[in-house]
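[1] Pasting a predicted model and its sequence here:
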Amino acid sequence: MFPKLMAVQNDVSSLPDHMNDPRMGKALVALLQASVYATACPVIGSVAELVDHLLVDPAKEWPLWDDYVLLSVPVKESGHPIFVAKNKRRPGDNLVVKLSLGRHEIDFFSRIHQMPNVQHAIRGFVKYIDGAEVQVDSFRCHALILERGTCNGLEGLPFLSTKRLLRYNFIDEVVKAIQGCHNLNHIHGDVKLDNIMFFVADFGGATQYKLIDFDNATRVGKPMNKHCTPEYCPPEMAKFKLGLTTAPVISDTSYDVWCTAVLILKLYSEGGTLIEFAQMNDDKILAAIAAPEFNFERSLNAIVLKDQQKECLVKCLEVNPANRGSLRDFLNLLPVTVTAATKNKTTANLEGLMKEIQELKARLKALHMDVNNHGKKTNEMKDLQLATLDKIIETKNVLLKGIYDATEVSVPTSFIVLPYILANQDQISPETNPEVLKKRWIFLQVSRKLVPSS
């Protein structure tokens, strides 16, 4: 039989002649065991076993699909494991691959990318590159290729706690990202510090906090999975998980509002610790949240915020989701200059100047290349360099004026801000306004005294 099977291997057209032979199965096994292509493939029964298997050989690259490979370098091993990924055609791309048993997150990204105006809404989301089902030796799972972040909010908490403005920026970007999700008629479903990632752009170095982990993202109005992170769990989900209610929790934006309020409360709490949950395990935390009398009063009293800001958090931590606040309420935590919806003239001027500087830089780069190749256009390059310096100085002045505009000063204590006061008055007063002319004359006299004569 073995010679016949070898013949089938060489000529598949003869396969039907031997299909009915009862010894076919045993012979096939014998052939596979004797084949030079036979390899030892361990049986992998879980994601945890898969992670252990991938870490056996740190130098190995595991093919995924197309030009993507998984490197045996873990970024996160618990929950959904995440490894460094590489695009062989573009090895400089900063990527990770997330492994998952389900395809919920892949379906979420596929669904929203078909919606209109999606690019604006997902600016606060981790960049999704691709996703597919993969076979890693004997284990099948789903994999998502994503952009790689620097650290998550929990890891950056000690840094965020040092500066008030850093926390303001963090809250502003997180709220905008969640609002983007709501604009797509979905909720994130698991907002927490761990799921806020800090990203640094490969080109230009721009930084941004983005939402990650959309495994629990759900359309508004649809039943949610029985899942939550205990400390952030809203009361309606805590009751459902504990069996105190039987009807599934229906997805609503108020769910994310509660989680975001807890995130902000942890952001301002010492060490990110909530007093109400001290020394509690997950089950006890859920039981505490599900209790009718539950509130975060002790943690709220312990943080350093104004009463008005605390009232905002209290409103968003309302036990009844129908009476809970909205994402807009969190803007009351921020300075007006951070959340202004309309752009003032200083902002518009600055954006215009930055655009001009970028154009000048592009022309300079082209000229440098031309000089290197031909040794010409030296005068034009010199003019462009001077123009760039002028724009940089002008940008500095606009920035200083912006700082002055954003500062609540009724009576300036330094003549440094006087030119900007004059500029503002010039916008609303005619050139012949005696008061403006008088202030200009005084400013010029003081300036001459400070500048040494040649």
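    Yes, it's here. Keep in mind that this is a model prediction, so the values were computed, not measured.

[2] how about the strands in the chain?
    61-65, 68-76, 82-87, 90-100, 128-136, 139-147, 151-152, 186-187, 196-200, 207-211, 218-219 (DSSP state E).

[3] now the angle from the second one to strand 61-65?
    Per axes from the mean of the first three to the mean of the last three C-alpha atoms, to 10 degrees, the angle that strand 68-76 makes with strand 61-65 is 120 degrees.

[4] likewise the third one?
    For the pair strand 82-87 and strand 61-65, the angle between their directions (the same axes, to 10 degrees) equals 70 degrees.

[5] contacts for strand 82-87?
    Contacts to strand 82-87, defined as C-beta atoms under 8 Å, 6 or more residues apart in numbering, come from residues 54, 61, 64, 67-76, 93, 95-99, 145, 148. (Each C-beta comes from the backbone N, C-alpha and C, glycine too.)

[6] which neighbours does it have in its sheet, and in what orientation?
    strand 68-76 (antiparallel), strand 90-100 (antiparallel) (DSSP bridges).

[7] Strand 139-147 and that strand, what's the angle between them?
    Going by the same axes, to 10 degrees, strand 82-87 makes 70 degrees with strand 139-147.

[8] could you give me the average pLDDT of strand 82-87?
    Averaged across strand 82-87, pLDDT comes to 96.

[9] What are the buried residues along that strand?
    82-87 (16 or more other C-beta atoms under 10 Å).

[10] got it, and the fourth one?
    Buried residues in strand 90-100, counted by 16+ other C-beta under 10 Å: 95-100.

[11] Need the residues you listed in JSON lines (columns: pLDDT and distance to D190).
    Listed next are the buried residues of strand 90-100 as JSON lines, based on pLDDT from 0 to 100; distance: C-beta to C-beta, whole Å:
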{"residue": "L95", "pLDDT": "96", "distance to D190": "23"}
{"residue": "V96", "pLDDT": "96", "distance to D190": "18"}
{"residue": "V97", "pLDDT": "96", "distance to D190": "20"}
{"residue": "K98", "pLDDT": "96", "distance to D190": "14"}
{"residue": "L99", "pLDDT": "95", "distance to D190": "18"}
{"residue": "S100", "pLDDT": "93", "distance to D190": "14"}
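
[12] quick one on the thing from earlier: specify the stretch among the strands paired with strand 82-87 that is closest to A177.
    strand 90-100 (18.1 Å; C-beta to C-beta).

[13] In PDB, please show the C-alpha coordinates belonging to that closest one.
    Only the C-alpha atoms of strand 90-100 are listed here, as PDB (Å, rounded to 0.1, in the frame of the first residue of the first chain):
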ATOM      1  CA  ARG A  90       8.000  49.000   5.700                       C
ATOM      2  CA  PRO A  91      10.200  47.900   8.600                       C
ATOM      3  CA  GLY A  92      10.200  51.400  10.000                       C
ATOM      4  CA  ASP A  93       6.500  51.400  10.900                       C
ATOM      5  CA  ASN A  94       5.900  51.300  14.700                       C
ATOM      6  CA  LEU A  95       3.300  48.500  15.000                       C
ATOM      7  CA  VAL A  96       1.900  45.900  17.400                       C
ATOM      8  CA  VAL A  97      -0.300  42.900  16.900                       C
ATOM      9  CA  LYS A  98      -3.100  42.100  19.300                       C
ATOM     10  CA  LEU A  99      -4.300  38.500  19.600                       C
ATOM     11  CA  SER A 100      -7.900  37.700  20.400                       C
END
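
[14] between it and strand 128-136, how many degrees?
    Using the same axes, to 10 degrees: strand 90-100 against strand 128-136 is 70 degrees.

[15] in the stretch 301-450 of the chain, what spans have low per-residue confidence?
    336-450 (pLDDT under 70).

[16] And the strands of the chain, which one averages the lowest pLDDT?
    strand 151-152 (a mean of 85).

[17] K310 is nearest to which of the strands of the chain?
    Closest among those, using C-beta to C-beta: strand 196-200, at 22.0 Å.

[18] Need the residues that contact the closest one.
    By C-beta under 8 Å, 6+ apart, strand 196-200 touches 126, 147, 149-153, 156, 170, 174, 177, 206-212, 263.

[19] residues of it that come out buried?
    196-199.

[20] for these, which one is nearest E236?
    I196 (22.9 Å).

[21] hmm, back to that, right, and the strands of the chain - which one's nearest S269?
    From the strands of the chain, taking C-beta to C-beta, the stretch that ends up closest is strand 196-200, at 16.1 Å.

[22] Cool, thanks, signing off.
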